[in-house]
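Engineer: next comes the sequence, and after it the predicted model I'd like to discuss.
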Amino acid sequence: MKTNRILVALLAGLAAGAQAQVTPDEAKQLGSTLTQVGATKAGNKEGTIPAYTGGLTKAPPGFKAGSGVWADPFKDEAPLMRIDAKNWQQHADKLSEGQKELFKKNPGFYMDVYPSHRTGAMPDDVLAKTVRNATTCKTTKGGLGVDQACRGGIPFPIAKTGNEMMWNQQLRYKADTTTRSSRSWVVDSSGKAVMTSQQQTFEETPYYHADLDGRDDQMYWRTYSVTSAPIRKAGEVTGLMDFLDPTQKPRRAWSYAPGQR
């Protein structure tokens, strides 16, 4: 009986820890020692990662709106060093296992290393709602869902649990709507590339449409893609929708294949 009481007490403590909320004092770090989305604001001791100063909020010189071409904000920068097959072992602690294998098997492979920049930025409204969420946003259904009142900002800028980290990834800010074109290829052992798909994709994040009337309060993401090539797949359409409480509203998906009508 005593063992059972101890076990119950331990489980209760774990449950309490899993539901721990961000305190007002912890939240004060946002915008001071932490960025408003919870990242460390200071640079690292080695000086290879700079302090965060607000990110890139204006188009770089040379950018022409509507051109479809991005401008490089750091086009005049020179590499700090080059890592190649002769010196990669000096930098092994910074390389992935895959990169090490590339150096071992390809004598001509090299990596130019440039200065680090922290260019990420978000709209002020998103940042303000992210700070609000720090002390008010909650998961639901044991971490499987998120309270719809969290809408408009990153839900857990000071995440306490794995579920909160997962929802930060799912509900990350990606602009309200995006449209992109993509191509997929298969390259065989001879080096021949065959295009397997060319698509136009529309993506929308209703989670960030906090002030839009008529939206579904539970939907946080939806997308559809239209395939234009190769010919045998042209006209195929797929659509997906995800919701804040997948136990109540699981993912909804549909597809259209022209050959099957």
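Structural biologist: Received it, and whenever you're ready, just let me know what you need. Residues are numbered from 1 along each chain as shown.
Engineer: so where do the strands sit in the stretch 151-261 of the chain?
Structural biologist: 177-187, 193-204, 219-229, 237-243, 252-256 (DSSP state E, counting those that start in this stretch).
Engineer: which of those strands has the lowest mean pLDDT?
Structural biologist: Considering these one by one, the lowest average pLDDT is found for strand 177-187, at a mean of 90.
Engineer: the strands of the stretch 151-261 of the chain: which one's closest to residue 99?
Structural biologist: strand 177-187 (19.9 Å; CB to CB). From N, CA and C alone the C-beta is placed, and that goes for glycine too.
Engineer: against which helices or strands is the closest one packed?
Structural biologist: strand 193-204 (3 or more CB pairs under 8 Å, 6 or more residues apart in numbering; DSSP states H and E).
Engineer: now the strand it packs on, how far from the centre of its chain.
Structural biologist: With CA atoms, centre = their mean, to the nearest Å as the basis, strand 193-204 stands 20 Å off its chain's centre.
Engineer: between the strands of the stretch 151-261 of the chain, which one is closest to residue 84.
Structural biologist: Per CB to CB, nearest to residue 84 of the strands of the stretch 151-261 of the chain: strand 177-187, 24.4 Å.
Engineer: now the helices for the chain?
Structural biologist: Taking DSSP state H, the helices of the chain run over residues 2-18, 24-27, 97-105, 124-136, 162-170.
Engineer: residues in contact with the closest residue to residue 242 other than its chain neighbours?
Structural biologist: The spatial neighbour of residue 242 that comes closest, neighbours along the chain excluded (CB to CB, 6 or more residues apart in numbering), is residue 221 at 4.6 Å. Contacts for residue 221 were tallied using CB atoms under 8 Å, 6 or more residues apart in numbering; they are 170, 203, 204, 205, 206, 207, 240, 241, 242.
Engineer: ok, residue 221 to residue 256 distance?
Structural biologist: As for residue 221, its distance to residue 256 is 20 Å (criterion: CB to CB, to the nearest Å).
Engineer: find the nearest non-adjacent residue to residue 188, please.
Structural biologist: residue 194 (7.5 Å).
Engineer: wait, doesn't the one you found sit right on residue 183?
Structural biologist: No: if you go by CB atoms under 8 Å, residue 194 and residue 183 don't touch, sitting 11.1 Å apart.
Engineer: how about the contacts made by residue 222?
Structural biologist: With CB under 8 Å, 6+ apart, residue 222 has these contacts: 203, 204, 206, 239, 240, 241, 242.
Engineer: kindly report the same for residue 33.
Structural biologist: Neighbouring residues of residue 33 by CB under 8 Å, 6+ apart: 40, 41, 42.
Engineer: look up the pLDDT of the last one for me, please.
Structural biologist: This means residue 42. 98.
Engineer: name whatever forms a beta bridge with the spatially closest residue to residue 180 that is not a sequence neighbour.
Structural biologist: The spatial neighbour of residue 180 that comes closest, neighbours along the chain excluded (CB to CB, 6+ apart), is residue 201 at 5.4 Å. Assessed by DSSP bridges, residue 201 has beta-bridge partners residue 180, residue 225.
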